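[1] here's a sequence, model it:
(one chain, ligands or ions: 2)
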Amino acid sequence: MASADIVRQMGESVRPLSLSGHVGFDSLPDQLVNKSTSQGFCFNILCVGETGIGKSTLMDTLFNTSFEGSQSTHYENRVKLKAQTYELQESTARLKLTIVNSVGFGDQINKEDSYKPIIDYTDAQFEAYLQEELKIKRSLHNYHDSRIHVCLYFISPTGHSLKSLDLVTMKKLDSKVNIIPVIAKADTIAKNELHKFKIKIMSELVSNGVQIYQFPIDDETVAKINSAMNGHLPFAVIGSTEEVKVGNKMVKARQYPWGVVQVENENHSDFVKLREMLVCVNMEDLREQTHTRHYELYRRCKLEEMGFKDTDPNNKPVSLQETYEAKRNEFLGDLQRKEEEMRQMFVMRVKEKESQLKEAERELQDKFEHLKKMHQEERKKLDEKKSVLDEEMSIFNKRKAATELLQGQAFQTAPQMNLKKDKDRKNY
Ligand code: GTP
Ligand code: MG
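    Ligands and ions are numbered 1, 2, ... in the order given. Model prediction:
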């Protein structure tokens, strides 16, 4: 029987029972709270926005502290990501907060690849988590999770529209991270212009298919506030750590010659809305979405890239073990095939070399035979010449001997000869 059938039957046979006395498992939610409180929480924010747009000031204002950090220059030759982790405590809750800042964003003349370092950074954090998950001995309970839970995207308060750099960057990021767009330095834009600007930004995001984070409305307790807040996006924020006396209270504000802009005054900016949504209501949802949506997508793509699948080509479910075995067999088959190919190639090469050597040997033999023949012919010719010479020499020797004999006889008969010569001369 298929395992799915068993599960369904078990599910169908679950019967609700009432308890006749206290058991104690109603403390489970408290146990969870205690465990989480003692473990502490971690939250990672990525701030993407042009140099000097107010990223650091907003972070300081949001968390009511002063995170150390220096100003960036406008002369970075490429975008860099700078991460810093802090330990914060509010009553019993401990928060390990990492703030990652985009340094030099929007400062290069060629902004084509400005989004790349940001994508690489978010992917690297997913990869580190995946590697920890895939370890045999994993320690995820005390693993410092560096995955980005939210990206605050700082939009310049131009009042016009989004820049193409904003659209490209957000589009590239939207499947990897929860994006909350904010209009920075909102005190520099007039109220009626701000309203139009917000509508323009949202319509541009929709028409370019950019998915920004939507505050969840499936949980009844926060559905109302979240759906109302979704209508206020992008939040127009103001940052300031300066305290100004308004009435008899000290408030965070920015002071101008014509008046005071109060950060936490909802008529002046959406700062409170952002803090409420980001920190007080949806921090856990942002963490959860990061794990269940963005990380899940990264993990799925990565495992599929490595050849793992949940179903076979016939759409039948396959386990990781089966995929592994199939991959292993495929790999071993490949290896054997390659080995065989190499062996055959080797044999072929040896044969080729052998025939080449044989050919060379034959050529050498032919050359040798030819030389031998030539040598023999040469020798024959020489022998013939020698015998001719020998013959000539013996004739010569014979003649020489005959001549010597004749000369010897001539000496003896010289007087007679002289007479004969005289006689002959007279005859002439
Ligand atoms: P880098 O980290 O150097 O890229 O800058 P940043 O984006 O962190 O900006 P930062 O917070 O250092 O602010 C830069 C300047 O803008 C400072 O002079 C701030 O006082 C000013 N500033 C910050 N927030 C606001 C704001 O909401 N309104 C106005 N008008 N000015 C602001
Ligand atoms: Mg800064």
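
[2] tell me the contacts of Phe235?
    Counting by C-beta atoms under 8 Å, 6 or more residues apart in numbering, Phe235 touches 180-183, 270-271, 273-274, 277. All C-beta atoms are positioned from the backbone trio N, CA, C, and that covers glycine.

[3] got the residues of the stretch 101-250 of the chain near ligand 1?
    Contact residues, the stretch 101-250 of the chain versus ligand 1 (C-beta under 6 Å from any ligand atom): 101, 185, 187-188, 238-239.

[4] show me how to select, in ChimeraX, the buried members of these.
    Entered in ChimeraX, the line below selects the buried ones among those, by 16 or more other C-beta atoms under 10 Å:
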select :101,185,187,238,239
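
[5] let's see which of the residues of the stretch 101-250 of the chain next to ligand 1 end up in strands.
    Asn101 (DSSP state E).

[6] want to throw the contacts of Phe235 into a markdown table with distance to ligand 2 and pLDDT?
    Shown next, in a markdown table, are the contacts of Phe235 (distance: C-beta to the ion, whole Å; pLDDT from 0 to 100):
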| residue | distance to ligand 2 | pLDDT |
| --- | --- | --- |
| Ile180 | 18 | 97 |
| Pro181 | 18 | 96 |
| Val182 | 15 | 97 |
| Ile183 | 18 | 97 |
| Asp270 | 21 | 95 |
| Phe271 | 17 | 96 |
| Lys273 | 22 | 95 |
| Leu274 | 17 | 96 |
| Met277 | 22 | 94 |
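
[7] filter the residues you listed down to the ones in strands?
    180-183.

[8] ok so, going back, can you tell me which of the residues of the stretch 101-250 of the chain next to ligand 1 is closest to Asp145?
    Asn101 (18.9 Å; C-beta to C-beta).

[9] run a quick neighbour tally on the closest residue to Arg147 other than its chain neighbours.
    Spatial nearest neighbour of Arg147, chain neighbours left out: Gln125 (4.6 Å); criterion: C-beta to C-beta, 6 or more residues apart in numbering. Using other C-beta atoms under 10 Å, the number of residues around Gln125 comes to 23.

[10] can you give me the strands for the stretch 201-350 of the chain?
    Using DSSP state E, counting those that start in this stretch, the strands of the stretch 201-350 of the chain run over 235-236, 243-246, 249-256, 259-262.

[11] among these, which comes closest to Ala223?
    Going by C-beta to C-beta, the one of these nearest Ala223 is strand 235-236, 19.2 Å.

[12] mean confidence for stretch 323-342?
    What stretch 323-342 shows for mean pLDDT is 90.

[13] touching that stretch from outside, list them.
    307-309, 318.

[14] now with 7 Å?
    Outside stretch 323-342, the residues that touch it by C-beta atoms under 7 Å, 6 or more residues apart in numbering are 307-309.

[15] what's the answer for stretch 281-288, then?
    By C-beta under 7 Å, 6+ apart, stretch 281-288 touches 43, 149-150, 178, 215-216, 222, 225-226.

[16] how about 8 Å then?
    So stretch 281-288 is contacted by 41, 43, 149-150, 178, 213, 215-216, 222, 225-226, 278 (C-beta under 8 Å, 6+ apart).

[17] in what helix or strand does the residue most central in space within the chain lie?
    For the chain, the residue sitting closest to the mean C-alpha position, by C-alpha atoms, centre = their mean, is Asp120 at 7.9 Å. Using DSSP states H and E, Asp120 falls within helix 116-134.

[18] elements contacting that helix?
    strand 41-48, strand 80-90, strand 93-103, helix 164-173, helix 296-305 (3 or more C-beta pairs under 8 Å, 6 or more residues apart in numbering; DSSP states H and E).

[19] ok, now with 7 Å
    In terms of contacts (3 or more C-beta pairs under 7 Å, 6 or more residues apart in numbering; DSSP states H and E), helix 116-134 is packed against strand 80-90, helix 164-173, helix 296-305.

[20] most tightly packed of those?
    helix 164-173 (a mean of 19; mean count of other C-beta atoms under 10 Å).

[21] next, the angle from that one to helix 116-134.
    Orientation note: helix 164-173 sits at an angle of 10 degrees relative to helix 116-134 (axes from the mean of the first three to the mean of the last three C-alpha atoms, to 10 degrees).

[22] packing partners of helix 164-173?
    Short answer (3+ C-beta pairs under 7 Å, 6+ apart): helix 164-173 packs on helix 116-134, strand 150-155.

[23] residues contacting Arg275?
    Leu62.

[24] can you name the residue of the stretch 101-250 of the chain nearest ligand 2?
    Asn101 (5.7 Å; C-beta to the ion).

[25] quick check: bridge partners of that residue?
    Cys47, Lys82 (DSSP bridges).

[26] pretty sure it contacts Ile53?
    No: checked against C-beta atoms under 7 Å, the pair Asn101 and Ile53 is beyond contact range at 10.8 Å.

[27] re earlier: what sits against the residue nearest to Arg147?
    Per C-beta under 7 Å, 6+ apart, neighbours of Gln125: 146-148.

[28] could you list the low-pLDDT ranges of the chain?
    1-12, 414-428 (pLDDT under 70).

[29] sorry, back to before: return the most buried member of the strands of the stretch 201-350 of the chain.
    Comparing the strands of the stretch 201-350 of the chain by mean count of other C-beta under 10 Å gives strand 235-236 as most buried, with a mean of 24.

[30] what pairs with that one, and is each one parallel or antiparallel?
    The strands that strand 235-236 pairs with in its sheet are strand 179-183 (parallel) (by DSSP bridges).

[31] what helix or strand does the residue of the chain found nearest ligand 2 sit in?
    The chain approaches ligand 2 most closely through Ser56 (3.2 Å), counting by C-beta to the ion. With secondary structure defined by DSSP H and E, Ser56 is part of helix 55-62.

[32] tilt between that helix and strand 249-256?
    Put simply, helix 55-62 runs at 160 degrees to strand 249-256, going by the same axes, to 10 degrees.

[33] starting at the chain centroid, how far to helix 55-62?
    In terms of C-alpha atoms, centre = their mean, to the nearest Å, the centre of helix 55-62 is found 32 Å from the chain centre.

[34] repeat that for stretch 314-324.
    Chain-centre distance of stretch 314-324: 27 Å, with C-alpha atoms, centre = their mean.

[35] before we move on, what about stretch 387-400?
    Stretch 387-400 sits 99 Å away from the centroid of its parent chain (C-alpha atoms, centre = their mean).

[36] only alpha carbons, please: show it as CSV.
    Output of stretch 387-400 as CSV, limited to C-alpha atoms (Å, rounded to 0.1, in the frame of the first residue of the first chain):
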residue,chain,number,x,y,z
SER,A,387,91.2,-8.8,-62.2
VAL,A,388,91.6,-6.6,-65.3
LEU,A,389,94.4,-4.7,-63.5
ASP,A,390,95.9,-8.0,-62.4
GLU,A,391,95.8,-9.2,-65.9
GLU,A,392,97.3,-6.0,-67.2
MET,A,393,99.9,-6.2,-64.6
SER,A,394,100.9,-9.7,-65.4
ILE,A,395,101.0,-8.8,-69.1
PHE,A,396,103.1,-5.8,-68.2
ASN,A,397,105.3,-7.9,-66.0
LYS,A,398,105.7,-10.4,-68.8
ARG,A,399,106.5,-7.6,-71.3
LYS,A,400,108.9,-6.1,-68.7
